[in-house]
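1. structure here, sequence nowhere to be found:
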């Protein structure tokens, strides 16, 4: 029988992370769990994102332990990559290199701060999809 | 100038939540933040999902305060809905009604437990996308 769940190697995780630019950051603020969509880039197997003054920045300064998720849903498989790591804000001079990298915010807003997540654990899995109801409708 | 960020009304949030069946749950386990992709259904403006014995179940039993995210990326807008709420496991008799609802796991695995998230806060926003690099490549 074909495998239902397949674990990714670290290289496969990074391939998928590098191919995307949108994921979700889970972090704590005042002891509460929070989740936020972010645009990110991969640089040297670290995740980099820009943010304004707000909960995300406050949260990662209070508690650097964060988790990040990216997924990829295809017709037969759903893949999800989870990165656990330590977030830190880059100082102004360091932050300048973020302007040179593939970090392209999708929306226009003031995002003066650059945060880097240094991974402590990266894992990924893909799941074979069983969606029999999809064949119950005419396909486009 | 056209608006760059638009807030959703509660009805719009629930319309989008009801139109999807895949999102991400952020929860705490032993004080650590966690994130996991889940299949869910909406029933009576509550979120319902199935899970096996594992971190998600342990986490929500330890700390019922969770956050859930669903997003929808189109060519011009990206929408994200965030639901903050209290998670609780349904007892066996109550859990039986989950068999009657639109809760369709995408993968085959043992998921004996039914968890309901009762929202305390629902918010949604859509962001106008600016991805000029997309027009730098030939379109399919």
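-> Arrived safely. These numbers were taken from a predicted model, which means no experiment stands behind them.

2. drop to CA atoms for contacts and neighbour counts, all remaining ones
-> Noted.

3. okay but residue A:58 is in contact with residue A:29, surely?
-> Yes. Counting by C-alpha atoms under 8 Å, residue A:58 sits close enough to residue A:29 to count as a contact (7.1 Å).

4. which helices and strands sit right next to whichever strand or helix holds residue A:88?
-> For residue A:88, the enclosing helix or strand under DSSP states H and E is strand A:77-89. Using 3 or more C-alpha pairs under 8 Å, 6 or more residues apart in numbering or on different chains; DSSP states H and E, the elements in contact with strand A:77-89 are helix A:10-19, helix A:55-62, strand A:65-73, strand A:113-128.

5. list the buried residues in the worst-scoring helix or strand of chain A on mean pLDDT.
-> Across the helices and strands of chain A, mean confidence by mean pLDDT, DSSP states H and E is lowest for helix A:92-95: a mean of 75. Going by neighbour count (16 or more other C-alpha atoms under 10 Å in any protein chain shown), the buried part of helix A:92-95 is residue A:95.

6. what's it in contact with?
-> A:113, A:114 (C-alpha atoms under 8 Å, 6 or more residues apart in numbering or on different chains).

7. would you convert the helices and strands packed on strand A:77-89 into a markdown table that also reports mean pLDDT?
-> Below are the helices and strands packed on strand A:77-89 laid out as a markdown table (pLDDT from 0 to 100):
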| stretch | mean pLDDT |
| --- | --- |
| helix A:10-19 | 97 |
| helix A:55-62 | 95 |
| strand A:65-73 | 96 |
| strand A:113-128 | 95 |
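
8. spell out which parts of chain A neighbour chain B.
-> A:4, A:26-28, A:32-37, A:65-69, A:80, A:82, A:104-108, A:127-131 (C-alpha under 8 Å from any C-alpha of the partner chain).

9. same thing but at 7 Å, please
-> With C-alpha under 7 Å from any C-alpha of the partner chain as the criterion, chain A comes near chain B at residues A:26-28, A:33-35, A:66-67, A:106-107, A:127-131.

10. chain neighbours aside, what residue packs nearest to the residue most central in space within chain A?
-> The centroid of chain A falls nearest to residue A:23 when counting by C-alpha atoms, centre = their mean (3.8 Å). Take residue A:23 and drop its neighbours on the chain: the residue closest to it by C-alpha to C-alpha, 6 or more residues apart in numbering or on different chains is residue A:70, 4.7 Å away.

11. hey, what's the one you found bridged with?
-> For residue A:70, the beta-bridge partners are residue A:81 (DSSP bridges).

12. how close does it sit to residue A:20?
-> Computed with C-alpha to C-alpha, to the nearest Å, the distance linking residue A:70 and residue A:20 is 8 Å.

13. the closest residue to residue A:128 other than its chain neighbours and residue B:64: what is the separation?
-> Excluding the flanking residues, the one nearest residue A:128 by C-alpha to C-alpha, 6+ apart is residue A:77, at 4.6 Å. Using C-alpha to C-alpha, residue A:77 is found at 30 Å from residue B:64.

14. likewise for residue A:13?
-> Between residue A:13 and residue B:64 the computed distance is 30 Å (C-alpha to C-alpha).

15. same question, residue A:116
-> In terms of C-alpha to C-alpha, residue A:116 sits 29 Å off from residue B:64.

16. next one: residue A:121
-> For residue A:121, the distance to residue B:64 equals 25 Å [C-alpha to C-alpha].

17. likewise residue A:70?
-> For residue A:70 relative to residue B:64 (C-alpha to C-alpha), the value is 24 Å.

18. settle it for me: which of the two has more neighbours?
-> Each of residue A:70 and residue B:64 has its neighbours counted (other C-alpha atoms under 10 Å in any protein chain shown); residue A:70 has more, 22 against 19.
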